[in-house]
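Novice: Mind folding the following:
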Amino acid sequence: MPHLTSTTAGATSTGLRTAIGVPGYAHPLVAPAQWAELARPGTPLDWVVLNVAGGPGTRPDPHCLETAGRLRGAGVRVLGHLDLTHGDRAFADLLSDAHRYLDWYRVDGFLLDRCPTDRAALPEVRRAVTTLRTISDTAHIVLGHGTHPHPGYAENADQLVTFSGPWSDYRWSQVAEWTADYPPDRFCHFVHGVPRGHLEEALRIARWQGAATIYFTDRTDRGGRADPWESMPGYWDEIVSRIGTGVSE
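Specialist: The predicted structure follows:
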């Protein structure tokens with residue numbers, strides 16, 4: 001059982017609605033069946049991230065255009081992937097990528113990946129989020145910290161990714177006390193290397209720690225040599241049936 005630094009956060013398990021946030025699969029040309037699976041009716045998706053080529057790419061991609069259109073038609077929220085490179089990304093480049101995502105793929109918001117976590121970077125991240133909301137006033141903004149940031153970030157986005165990493169770390173992880181001041185739908189957890197036999201335990205940890213959006217996979221990063229998010233977990237149907245409406249083969 002993970003050690004919790006806040007008993008209040010653990011109590012959020014009551015009435016928690018869990019949904020799936022997909023960090024982004026491999027290009028639709030490489031993984032067409034997996035992208036098609038996300039458009040199945042009844043799948044409990046919060047959102048899906050579209051990462052064309054480390055961002056939107058240099059020109060509209062026909063395969064991604066088709067995929068984004070299919071997901072939107074199924075009522076799935078699609079987010080564009082913007083890399084903040086821990087605060088080193090030029091603001092103009094970030095804004096240019098955001099415009100491409102909106103113009104080409106009509107995204108519903110953005111995942112700001114590798115988002116800084118410290119207080120010093122907060123004004124620059126706030127500026128980026130404010131600008132994104134200016135060019136798309138309904139944009140759903142997710143800050144991809146991967147760990148608990150300074151609490152001030154929670155006031156500047158719709159959701160925060162407060163854990164992204166392996167199951168070996170997640171099962172003993174701690175939740176920051178300040179998260180108890182916010183509802184569970186403000187937080188996301190991405191966990192790779194979760195064995196099938198520990199799936200229910202992983203879901204309990206998410207509930208105890210007050211994270212309503214999750215993505216669990218049995219894929220691993222192979223010691224940092226692979227992207228564990230690029231393919232669908234082998235137990236996808238089981239995840240869907242546990243937290244959704246029982247969709248299965």
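Novice: Now do the longest helix seen in the chain: which elements does it pack against?
Specialist: In the chain, taking DSSP state H as the definition, the longest helix is helix 122-135. Counting contacts by 3 or more Cβ pairs under 8 Å, 6 or more residues apart in numbering; DSSP states H and E, helix 122-135 packs against helix 91-100, strand 109-113, strand 140-144. Using the backbone N, CA and C atoms, a C-beta is placed for each residue, glycine as well.
Novice: So which bits of it are buried?
Specialist: Across helix 122-135, burial judged by 16 or more other Cβ atoms under 10 Å covers Leu122, Val125, Ala128, Val129, Leu132.
Novice: picking up where we left off before, make CSV out of the helices and strands packed on helix 122-135 and add distance to Trp208 and mean neighbour count.
Specialist: Formatted as CSV, the helices and strands packed on helix 122-135 follow (distance: least, Cβ to Cβ, whole Å; neighbours: other Cβ atoms under 10 Å):
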stretch, distance to Trp208, mean neighbour count
helix 91-100, 35, 16
strand 109-113, 24, 26
strand 140-144, 22, 23
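Novice: Include distance to Leu50 and mean pLDDT when you put these into TSV, please.
Specialist: TSV is the format used below for the helices and strands packed on helix 122-135 (distance: least, Cβ to Cβ, whole Å; pLDDT from 0 to 100):
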stretch	distance to Leu50	mean pLDDT
helix 91-100	11	97
strand 109-113	9	98
strand 140-144	13	98
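Novice: Of these, which is nearest Ala180?
Specialist: strand 140-144 (18.6 Å; Cβ to Cβ).
Novice: list the helices and strands the closest one packs on?
Specialist: The contact analysis (3+ Cβ pairs under 8 Å, 6+ apart) places strand 140-144 against strand 109-113, helix 122-135, strand 159-166.
Novice: in the last one, what's buried?
Specialist: It stands for strand 159-166. For strand 159-166, burial by neighbour count (16+ other Cβ under 10 Å) applies to Gln159, Leu160, Val161, Thr162, Phe163, Ser164, Gly165.
Novice: Skipping adjacent residues, who's closest to Asp185 in space?
Specialist: With sequence-adjacent residues excluded and distances taken as Cβ to Cβ, 6 or more residues apart in numbering, Asp185 is closest to Ala212, at 4.3 Å.
Novice: That neighbour touches Pro184, doesn't it?
Specialist: Yes. Ala212 lies in contact with Pro184 (Cβ atoms under 8 Å); the separation is 3.9 Å.
Novice: burial measure for the closest residue to Val107 other than its chain neighbours, as a count.
Specialist: Taking Cβ to Cβ, 6+ apart, and ignoring the residues beside it in sequence, Val107 has Gly80 as its nearest neighbour in space, at 4.2 Å. If you count neighbours by other Cβ atoms under 10 Å, Gly80 ends up with 29.
Novice: Need the mean per-residue confidence for the helix or strand harbouring Gly80.
Specialist: Under the criterion of DSSP states H and E, Gly80 resides in strand 78-83. For strand 78-83, mean pLDDT is 98.
Novice: Just the angle for that strand relative to helix 91-100, thanks.
Specialist: 160 degrees (axes from the mean of the first three to the mean of the last three Cα atoms, to 10 degrees).
Novice: And the contacts of strand 78-83?
Specialist: 24, 47-52, 54-56, 68, 71-72, 89, 94, 97-98, 101-102, 105-114, 140, 142 (Cβ atoms under 8 Å, 6 or more residues apart in numbering).
Novice: low-scoring stretches of the chain, by residue?
Specialist: Low-confidence segments of the chain, defined by pLDDT under 70: 1-16, 245-249.
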